[in-house]
Each structure stands twice: as structure tokens, then as C-alpha cells.
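Engineer: no sequence on this one, just coordinates:
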């Protein structure tokens, strides 16, 4: 492992910049601009004495699609910083691979434990004061939320960086990171599959007359494979996003809405 060039100063800059990571969203690459903004102090330090073209390539590398929970992102930034510091230029693809493989599982973890658990608890405490007309309601909620969020971000960033360096310093560092990326990818696929089945709702309203008991097409499909239509529609959307490199995400969203309304008006969907 090479000499440590990233100091506490650069990590603190990344931490404070991570508070603004949600300020620049777009449907094509989500949090990529915010991520690059956070990592810029690291890249500026690492590529200070290197050719300008290498620095440009490093910045382009972190402009690829990225989207995770804003509270767990600092941990990913810490691991990414360690990899940027300790991998050769020809191995930089592994940096992007690990960064993108971690975003899905940590997003699911952040949503379930923070958005759907801690946030409602803080909201209920604040609401109890607010309904009595007490100004401390929203203030208390804000304080409670950040009482947990700030330590997670700060220590997550520093732990991600230190553990990343430890892994890379071991003899099997690259292999460990590859296995970690594979496990994260598998977990991400499982989470995505569960989301498709629970959040994408498509139901056919087509029936065929067949004696006293009409044949309901949706029931027949459910017997063959439950949630077949949600899976098919999701895969079509993924295919179009990949084909157009995410450039027409808004058009796909409105296209799905318009087609769904038309089919519902025709009685094909219910």
C-alpha cells in the first residue's frame, strides 16, 4: 500500500460537502454531480502533481450514475477515497465497481432504518409538541434527526476510509474488495426484486365468457407466475433506460403514465 496522502483535512472537507449532496439531482445520473463535488478535495490532493488528462478522467469516472441514501453515502465516499489513493491508474475501474455495488444495499439499509424507523419516531415526538402549539415541536424533531444523522455521516466516512486502507493493505485486499462487490451486487438484486413485487402494481381487467364462470386473465397469469406483469414492465423500462443511457428517463415516466391511463380507460387495466 502506498504512502497515505489523504489527511483529516481532506476527509473533513468531504464530510461538510456531503451535507449538500442532495442539492443537485437529475433523472439521468441522480447524485453523480453531488458525489463528484464531495470527492473533489480528495481528487485535487491525489492528482495535484499528475497530468491534467488523468485528473479529468478521474472526475469523469465519478460522473457515472450514482444514487444511495444521503446518510450512508459518506461511508461509500470513505471507501472510495481509500481506493482512489491506493489503486493504480489501470485499476481504477474497480473503484467505480465497488462504489456502485455499495449504493443499492446501503440505500435499502438507510431507507428501512432511518427513513421508515428513526424519522417517524422523531416526527411523532415533534408532533406531540406541535399539536399543543409549542414551537419546540419542529425544533425538537430537527435536533433528534440530526443527533443520529451527523454521527453516522462523520464516523461512517472515517471508518470507510480507514477500513478501506486496512483491506487494501492486506495481501488479498483486491480479492476481498471483489468479493465484497459481488455480495453487494447480489444483495442489491434481491432488494430490487422485492421492490418490484411489492411496489409495481399492474392488474388486468380482461375477462372471457366461458359458461357460468368467466375466465379472468389476471387469475390465469397469477397461476402461471405471480407478478409477471410488474416484472415485464420493469424489465422493459430497464431496457429502455440502458438503451438510451438514461437520457430519456422523463419521457419513459410520462409514457408509462399515459399508456396506463389509456389502458385503464379501455378497461384493460383496473
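Structural biologist: Alright, I've got the coordinates. The structure displayed is predicted, hence computed values, not measured ones.
Engineer: Would you indicate which residues of the longest helix seen in the chain are buried?
Structural biologist: Criterion DSSP state H: the longest helix present in the chain is helix 136-169. Within helix 136-169, the residues that count as buried by 16 or more other Cβ atoms under 10 Å are 137, 140-141, 144-145, 148-149, 152-154, 156-158, 160-161, 164-165, 167-168. (Each C-beta comes from the backbone N, C-alpha and C, glycine too.)
Engineer: Show me where the protein has its strands.
Structural biologist: With DSSP state E, the ranges of strands along the chain come out as 207-208, 215-216.
Engineer: so what's the residue most central in space within the chain up against?
Structural biologist: The chain has residue 68 as the residue nearest its centroid, 2.4 Å off, counting by Cα atoms, centre = their mean. Counting by Cβ atoms under 8 Å, 6 or more residues apart in numbering, residue 68 touches 31, 76, 102, 103, 104, 106, 107, 110.
Engineer: okay, now the first one: neighbour count?
Structural biologist: If you count neighbours by other Cβ atoms under 10 Å, residue 31 ends up with 22.
Engineer: give the contact list for it.
Structural biologist: Residue 31 touches 21, 22, 24, 25, 66, 67, 68, 70, 73, counting by Cβ under 8 Å, 6+ apart.
Engineer: Give me the phi and psi for it.
Structural biologist: Backbone torsions of residue 31, given as degrees, to the nearest 10, read phi -100, psi 20.
Engineer: quick one: it from residue 149, how far?
Structural biologist: The gap separating residue 31 from residue 149 is 16 Å, by Cβ to Cβ, to the nearest Å.
Engineer: Kindly state the pLDDT recorded for residue 243?
Structural biologist: pLDDT, residue 243: 86.
Engineer: Let me fix that, I meant to ask about residue 77.
Structural biologist: For residue 77, the pLDDT comes out at 94.
Engineer: dump the residue contacts of it.
Structural biologist: Residues in contact with residue 77 (Cβ under 8 Å, 6+ apart) are 14, 18, 35, 38, 39, 157, 160.
Engineer: Export those residues to a markdown table and append columns for pLDDT and distance to residue 230.
Structural biologist: Shown next, in a markdown table, are these (pLDDT from 0 to 100; distance: Cβ to Cβ, whole Å):
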| residue | pLDDT | distance to residue 230 |
| --- | --- | --- |
| 14 | 95 | 38 |
| 18 | 93 | 34 |
| 35 | 93 | 30 |
| 38 | 94 | 35 |
| 39 | 94 | 36 |
| 157 | 93 | 37 |
| 160 | 89 | 35 |
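Engineer: just the residues you listed now: which is nearest residue 121?
Structural biologist: Closest approach to residue 121 among the contacts of residue 77 (Cβ to Cβ): residue 18, at 23.4 Å.
Engineer: Residue 92 versus the closest one, what's the distance?
Structural biologist: According to Cβ to Cβ, residue 18 stands 22 Å off from residue 92.
Engineer: Looking at those two now, which is surrounded by more residues?
Structural biologist: residue 18 (23 against 16).
Engineer: right, and the more buried one touches residue 153 too?
Structural biologist: Yes - here residue 18 reaches residue 153: they are 6.1 Å apart, a contact under Cβ atoms under 8 Å.
Engineer: if I look at the two, which residues touch both of them?
Structural biologist: With contacts defined as Cβ under 8 Å, 6+ apart, the residues shared by residue 18 and residue 153 are residue 74.
Engineer: Settle this for me: residue 99 is touching residue 66, isn't it.
Structural biologist: Yes - with contact defined as Cβ under 8 Å, residue 99 counts as touching residue 66 (7.0 Å).
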